[in-house]
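[1] Return atomic coordinates for the entry below.
(chains A, B, C and D)
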Protein chains: 2
Amino acid sequence: MAITDTSSFVAERPSSVPARRRPLVLEPLHAAQTCATCSARATSVCNAIEDKDLDRLASTAVSIIVQPGHGFIEEGDTAEHFFNVTSGTVKLFKLLPDGRRQITGFAGIGHFLGLAVSTSYSFSAEAVDPVRICRFSRSKLRVLLDDFPAMEKRLLEVASNELVAAQEQMLLLGRKTARERLASFLMARAGMQTHCGAETKPALREPVSLPMTRGDIADYLGLTIETVSRTLTRLKAERLIDVPNTTDVMLLDPRGLQSLATGLD
Amino acid sequence: MAITDTSSFVAERPSSVPARRRPLVLEPLHAAQTCATCSARATSVCNAIEDKDLDRLASTAVSIIVQPGHGFIEEGDTAEHFFNVTSGTVKLFKLLPDGRRQITGFAGIGHFLGLAVSTSYSFSAEAVDPVRICRFSRSKLRVLLDDFPAMEKRLLEVASNELVAAQEQMLLLGRKTARERLASFLMARAGMQTHCGAETKPALREPVSLPMTRGDIADYLGLTIETVSRTLTRLKAERLIDVPNTTDVMLLDPRGLQSLATGLD
DNA sequence: CGTGCTTTTGAAAATCATCAAGTATAGTGG
DNA sequence: CCACTATACTTGATGATTTTCAAAAGCACG
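    Model prediction:
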């Protein structure tokens, strides 16, 4: 049931290349892991597999740690693996030739990556903070899926939900103002934390955590760094939020933010 | 194998309410149809069902005709049906309370609608031109899916492809200029026509067909009607396209348009 | 306690939106 | 068949949000 030590890896950080271009280097993990004790199982597609079958799942999986700024999926590369985030936050993005970047999503614990039908990835993925991911061979998983139709059903559910989220994001990118985009982003983050986080209580006094940079937020919301910064400053001046530090935001007026987010202003 | 006459309908056009708000009215269709002869089967998820099982599929389906401007899915409504477009073009969209609209996609022949896991639709759908759709009961289809895992696999494929398209659209909405958006749109339309249309040959001299209004294009590309019109005028002045009439565009310089679309200016 | 990076803030510029006519196009009824 | 109306589209002038360019202020790390 345990993943063999030699099949677990850690991504190492090379030094001379800019972070985003650095190749992924792998090293053995010191501690072995199991699917049974996986912290992501509850929220991931793996919960479609029953306990008794977990060893089969584990045998196809490899655990990897990716350091902040390191990429582990590159758009256009041959898609040989599926990934499942077990901790940390991953940014998914597409680039234009001149460097313009659109982050299409932030994948947290339990998120499944690499669903493309195509033989190559249609997006890139990079760790925002230290990330643990579980890697599956595409071909092995395909066989596994034939034996576990429940998992295939789960994948369809996941894909459907992502499609809904993508459509919501299109509405944001195509039709919302900078203020509305930031409000939407903060409310979505807050909702994410209360639903998937360790805390099951409302946690109204808890700050919203922003592990990504302003640049990442800008590229996710279709804005510039400066506009993100200015807009946060303005929301703060209006007492809708407080920004104690770069990575935390207190939602002082969730209702006000919510109506801003939905365009009622 | 034939759909019973009484389960086929035509949408009728009421007169006093603005098109978008008019309720859908149904009338019996005069001619019966079959899944076996369905023009959309080749390009739809239904091709996962073998010929011998087609009658089971047909028994769960209802054929509907929707007139231009009529909606048949309303965001927030209880999701009781799945739909499959068999001819015509459907626009899918989300609205903000003040009327701002984002069209998330145009669904043509073979497109499957209503994949949401939720009990209610997350988007609205409206006919662009006269549309024929095949309607399935959600509950019936769920049972059908258990018997035909191949169809479930197809649905996952479809959902994955839509996800890829959605991410591409996010890149467009978040990071491309108006010119790049129009170029991307035209090239995507052209590709769609050559891949799914009746003509299998390149058809370079064929015009790109735009059954939707400038307003629809604007709401799809996150622009205004005026910007769409001006940008098309400019692309025409630059000899990249010709616009013989409102609904057709000739791609005079496909390569130039392609590099514009991908951000290589 | 510098050094380098991220973030914030300011001023100027630009793209796109808004407001406002004016021009086609299609459908209707005389 | 043609005027008439409604709708869609185009074009022009103005304006605003956001971007770009620039620089200062925070913060983290050695």
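[2] CA only for contacts and neighbour counts going forward, please
    Fine.
[3] Residue A:229 touches residue A:213, doesn't it?
    No: using CA atoms under 8 Å, residue A:229 is not in contact with residue A:213, being 10.7 Å away.
[4] Now do the SS call for residue A:156.
    Three-state assignment for residue A:156 (DSSP: H, G, I helix; E, B strand; the rest coil): helix.
[5] If I look at it, what pLDDT would I see?
    You'll see residue A:156 listed with a pLDDT of 94.
[6] Give me the below-cutoff pLDDT ranges for the stretch 51-200 of chain A.
    A:196-200 (pLDDT under 70).
[7] show me where it has strands.
    Here the stretch 51-200 of chain A has its strands, by DSSP state E, counting those that start in this stretch, at A:61-66, A:71-73, A:81-87, A:90-95, A:101-107, A:112-113, A:124-127, A:131-137.
[8] What's the mean pLDDT across stretch A:245-255?
    For stretch A:245-255, mean pLDDT rounds to 97.
[9] Just checking that stretch against chain B, any contact.
    No: using CA under 8 Å from any CA of the partner chain, stretch A:245-255 stays clear of chain B, coming no nearer than 15.9 Å.
[10] Please point out which parts of that stretch sit buried.
    For stretch A:245-255, burial by neighbour count (16 or more other CA atoms under 10 Å in any protein chain shown) applies to A:249, A:250, A:251, A:252, A:254.
[11] Can you report phi and psi for residue A:206?
    Residue A:206 adopts backbone torsions of phi -80, psi 140, taken as degrees, to the nearest 10.
[12] Can you give me the distance of the nearest residue to it once chain neighbours are set aside to residue A:228?
    In space, residue A:206 comes closest to residue A:250 once its chain neighbours are excluded; the distance is 7.0 Å by CA to CA, 6 or more residues apart in numbering or on different chains. Counting by CA to CA, to the nearest Å, the separation of residue A:250 from residue A:228 is 16 Å.
[13] what does residue A:61 give?
    Counting by CA to CA - residue A:61 and residue A:228 are separated by 39 Å.
[14] more neighbours, these two?
    Neighbour count, other CA atoms under 10 Å in any protein chain shown: between residue A:61 and residue A:228, residue A:61 has more, with 26 against 22.
[15] contacting residues for the residue nearest to that one when sequence neighbours are not counted?
    Using CA to CA, 6+ apart and skipping residues adjacent in sequence, the residue nearest residue A:61 is residue A:136, 4.8 Å away. Residues near residue A:136 by CA atoms under 8 Å, 6 or more residues apart in numbering or on different chains: A:60, A:61, A:62, A:81, A:82, A:83.
[16] mind listing what the most centrally placed residue in chain A touches?
    The centroid of chain A falls nearest to residue A:107 when counting by CA atoms, centre = their mean (0.9 Å). Neighbour list for residue A:107: A:85, A:89, A:90, A:91, A:92 [criterion: CA under 8 Å, 6+ apart].
[17] how does it look with 6 Å?
    Going by CA atoms under 6 Å, 6 or more residues apart in numbering or on different chains, residue A:107 touches A:89, A:90.
[18] Distance check, it against residue B:170.
    Counting by CA to CA - residue A:107 and residue B:170 are separated by 16 Å.
[19] now the residue nearest to residue A:138 when sequence neighbours are not counted, which residues is it bridged with?
    Sequence neighbours aside, residue A:81 is the residue nearest to residue A:138 in space, at 4.8 Å (criterion: CA to CA, 6+ apart). Taking DSSP bridges as the rule, residue A:81 bridges to residue A:137.
[20] you'd agree residue A:81 is up against residue A:139?
    No: applying CA atoms under 6 Å as the test, residue A:81 and residue A:139 come out as separate, 8.2 Å apart.
[21] Who has more neighbours out of the two?
    residue A:81 (19 against 13).
[22] picking up where we left off before, of the buried residues of stretch A:245-255, which are in range of DNA strand C?
    When the buried residues of stretch A:245-255 are checked against DNA strand C using CA under 7 Å from any atom of the strand, none falls in range.
[23] and the stretch 101-250 of chain A, which residues reach DNA strand C?
    Contacts of the stretch 101-250 of chain A with DNA strand C, taken as CA under 7 Å from any atom of the strand, map to A:212-215, A:225-230, A:232-233, A:246.
[24] In a markdown table: the residues you listed, plus secondary structure.
    Below are these laid out as a markdown table (three-state DSSP):
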| residue | secondary structure |
| --- | --- |
| A:212 | coil |
| A:213 | coil |
| A:214 | helix |
| A:215 | helix |
| A:225 | helix |
| A:226 | helix |
| A:227 | helix |
| A:228 | helix |
| A:229 | helix |
| A:230 | helix |
| A:232 | helix |
| A:233 | helix |
| A:246 | coil |
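[25] Separate out the buried members of those residues.
    Buried among those by 16+ other CA under 10 Å: A:212, A:214, A:215, A:225, A:228, A:232.
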